[in-house]
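Q: give me coordinates for this.
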Amino acid sequence: MPTMHQYMTGNVPKSDFTSFARVYDKHRRPGPDQIRYWGKLVSDGAEPHNGVFLDLGCGTCTYTLGIEKSRSGSIIGIDPSGPMLKQALSKNITFPLIRGCAENIPLKDGSVCGVTMMMVLHHIDDRDKAFEETCRILSPKGQLTILTRSHQEIRSSALALFPGLLEIDLVRFPDIPVIASLLEQAGFENIIIDHIQGSRHPREVDEYLENVQNRFVTTLRYFAEDDFQRRFEVFERKIRDRYRGTIDEVTFSLVRAQVP
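A: So this is what the prediction gives:
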């Protein structure tokens, strides 16, 4: 487990999806309506509509499938994790999947009209390089859309009640002004920030707690087993005290930017 010093200095190891991949979809169950809605939302504005669209950090392609339904052009999924891509292929996907990372995207200059990073940015080590690469592969007026969480949104979420989680995620997740600044430095313009509602977990308290018990977000996997169980007991008491029946939907930040 990383030390608190590593968290505070931002030197947090990469998440390991090797074992997580097998159960990833089981504990993240967005409904079909949300998949369609978010898929359309993150691809809106990427023109031409029949151009190539990239889901960067596609994982098991839950939302890539939603993007595919919203566009008439080609879709590509790229992810650094072989096990996650293997799970994606089990869904009978027909579009290309490529193993690769955001800091060295294996695509030609100007080859895509749109790129999305859906809850991916906090996993990327060199964000400067990732944005430079994204800018390189986008065609003129091409659009990047980032789905992430602001520090305010992280603090107001149910997971913020998990002891020690805030100290990790407020380091892992760059706040929105930082993202905007990095995008400008990489050459992006027309940066627009919106906030959307959604849920990546069941809203029923018991189901939600089951997902947390199974560490459905990567942050929870940084805690050693015994330590995690102690923290979970505290968390469960806080959740049951605060919520009656259902958990509120979560707010996410949507950052859009264009290349000149």
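Q: hmm, Phe53 and Leu107 touching each other?
A: No - look at Leu107 against Phe53 with Cβ atoms under 8 Å: they stay out of range, at 11.7 Å. (Each C-beta comes from the backbone N, C-alpha and C, glycine too.)
Q: with neighbour numbers in mind, choose between those two.
A: Counted by other Cβ atoms under 10 Å, Leu107 and Phe53 do not tie: Phe53 has more neighbours, with 27 against 20.
Q: give the contact list for that one.
A: Listed by Cβ atoms under 8 Å, 6 or more residues apart in numbering, the contact set of Phe53 reads 43, 46, 67, 71, 73-76, 112-116.
Q: cool, and Cys58?
A: By Cβ under 8 Å, 6+ apart, Cys58 lies in contact with 64, 77-79, 85, 88, 97.
Q: quick one: which of those is nearest to Leu144?
A: Nearest to Leu144 among the contacts of Cys58 is Ile78, at 13.7 Å by Cβ to Cβ.
Q: partner residues bridging the closest one?
A: Legend: beta-bridge partners of Ile78 under DSSP bridges are Leu56, Ile98.
Q: neighbours around it, how many?
A: Burial of Ile78 is recorded as 22 neighbouring residues (other Cβ under 10 Å).
Q: measure it to Leu183 for me?
A: 19 Å (Cβ to Cβ, to the nearest Å).
Q: ok, residues contacting the longest helix seen in the chain?
A: Longest helix in the chain, counting residues (DSSP state H): helix 225-242. With contact meaning Cβ under 8 Å, 6+ apart, helix 225-242 is reached by 1, 158, 161-164, 205, 208-209, 212-213, 215, 220, 223, 247.
Q: pLDDT of the helix or strand harbouring Leu54, averaged?
A: Here Leu54 sits within strand 53-56, counting by DSSP states H and E. Across strand 53-56, pLDDT averages out at 98.
Q: and for stretch 241-256?
A: 90.
Q: now do the end-to-end distance for it.
A: From the first residue to the last, stretch 241-256 extends over 37 Å; the measure is Cα to Cα, to the nearest Å.
Q: repeat for stretch 90-102
A: First-to-last residue span, stretch 90-102, Cα to Cα: 23 Å.
Q: can you pull the buried residues of that stretch?
A: Neighbour-count burial for stretch 90-102, counted by 16 or more other Cβ atoms under 10 Å, picks out 93, 95, 97, 101-102.
Q: can you check stretch 134-147 too?
A: For stretch 134-147, a neighbour-count test (16+ other Cβ under 10 Å) marks 134-139, 142-147 as buried.
Q: what about that stretch, distance to the chain center?
A: 17 Å (Cα atoms, centre = their mean, to the nearest Å).
Q: now do stretch 210-230, average pLDDT.
A: 93.
Q: now do the end-to-end distance for that stretch.
A: Terminal residues of stretch 210-230 lie 15 Å apart, using Cα to Cα.
Q: where does this structure dip in pLDDT?
A: Filtered on pLDDT under 70, the chain yields the residue ranges 1-14, 199-202.
Q: quick one, strands of it?
A: 53-56, 75-79, 97-99, 112-118, 138-148, 189-198, 250-258 (DSSP state E).
Q: counting by contacts, list what the second one packs against.
A: Same thing as strand 75-79. Here strand 75-79 touches strand 53-56, helix 62-70, helix 82-89, strand 97-99, going by 3 or more Cβ pairs under 8 Å, 6 or more residues apart in numbering; DSSP states H and E.
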